[in-house]
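Peer 1: Sequence plus the predicted model coming up.
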Amino acid sequence: MEAQKDLAIVIKSIQFAERHRIVTAITQNHGIITAMAKNAVQSKRFGGALDLFIASDWILQFKPNNELAFLSEAQVRQSFDQLRKNFEKFSLASVFTEFLLRVGPQNQPCPEFFQLHANALYALNENTACQGFEVFFLNSYLMKLLQLSGNQPQLGSCLHCQIALETLDPQSEINCLIADAGWICPSCRSQSKILIQESRAQGFTQSFFKVSQQALLEIGLGLVTPIRRIILSPPPALNSAEARDRQTGFFRWIEGLFIYHIPGFDQKPMNSLRFLGLDSGLTKATDCL
Ligand SMILES: [Zn+2]
């Protein structure tokens, strides 16, 4: 059983029995792994390396037919201190982490997921003014997660008539469908209600969300811009109550896409969403057909 080295960012850490810790992390080379850190509670061997968000160099061993790895050493490389000192940053980092934990590939290399999460935490730690942009940052991160997991929705054009998003009125309301992972324009919507009824997402109280054209354009930008740049220099125009409302509407649709399209996505409410003033839109929503 050979010891291996990997760079890991902690996404969950719980005490096990009296003296041990079980730590889950996204790693550069092994995807999401869970490891036992024996005698971690009293010992100073791990320093603060097993706390949430910390990035460390891990020395670990894998046993055949055992999903649990064994962690023998961890040296902190980046502690992202600001994430624990600022409530908005802490809240966002917590929601990023909860989504990643549910979506990231386990025990298989997924360097793009690692890079996205590392860059997001790095930028959040460095960012000087995060307040007001939280939902936009969250949506941008989540759209990138959907893209990496092969579930990116169609943003650029109407699913039905292919009209381009930019050509629509900024105030127009667009129907974003969950099951079809795309949207239909107001004119297609008025011509054919059947289109939505046929696309009903099974098991949902609602098969679509109304989102403004502007919100879709904003998030299109979020998708093509690296997460570091989004968080370090967000478009100032997005810091307004209206922009936040637009992005909150958009978040509801993204949440639906995760639940519907990601196999095994855990639908238990995420505790950290409360910190951002968001709650799940799916339980309360009523169908407006
Ligand atoms: Zn159309």
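Peer 2: Yes, it's here.
Peer 1: quick one, what contacts Q214?
Peer 2: In this structure, Q214 makes contact with P170, Q171, R246, judged by Cβ atoms under 8 Å, 6 or more residues apart in numbering. Heads up, the C-betas are built off the backbone N, CA and C, glycines and all.
Peer 1: Could you report the pLDDT at the closest residue to Q171 other than its chain neighbours?
Peer 2: Nearest in space to Q171, with sequence neighbours left out and distances taken as Cβ to Cβ, 6 or more residues apart in numbering, is S212 at 6.7 Å. Among the per-residue scores, S212 holds a pLDDT of 91.
Peer 1: quick one: S212 from P186, how far?
Peer 2: 11 Å (Cβ to Cβ, to the nearest Å).
Peer 1: who's more crowded, these two?
Peer 2: Each of S212 and P186 had its neighbours counted (other Cβ atoms under 10 Å), and the higher figure belongs to S212 (21 against 16).
Peer 1: picking that back up, quick check: neighbours shared by S212 and P186?
Peer 2: Taking Cβ under 8 Å, 6+ apart as the contact rule, S212 and P186 both touch S172, E173, I174.
Peer 1: Of the residues you listed, which is the nearest to P105?
Peer 2: Within those, proximity to P105 (Cβ to Cβ) peaks at I174, which comes in at 31.8 Å.
Peer 1: now the closest one: how far from the ion?
Peer 2: 9 Å (Cβ to the ion, to the nearest Å).
Peer 1: same check, this time on F208
Peer 2: Taking Cβ to the ion as the measure, F208 falls 14 Å from the ion.
Peer 1: from what I can see that residue touches I174, true?
Peer 2: No: proximity of F208 to I174 does not meet the contact threshold set by Cβ atoms under 8 Å, at 9.4 Å.
Peer 1: higher neighbour count, these two?
Peer 2: Looking at F208 and I174 with other Cβ under 10 Å, you find the greater number of neighbours at F208, namely 25 against 22.
Peer 1: Highest neighbour count among the contacts of Q214?
Peer 2: Neighbours here mean other Cβ under 10 Å. Within the contacts of Q214, the largest count is held by R246, at 24 neighbours.
Peer 1: Count residues in the vicinity of the closest residue to the ion within the stretch 1-150 of the chain, would you?
Peer 2: Of the stretch 1-150 of the chain, the residue with the smallest distance to the ion, taken as Cβ to the ion, is M143 at 21.7 Å. Look at M143: counted by other Cβ under 10 Å, it has 22 neighbours.
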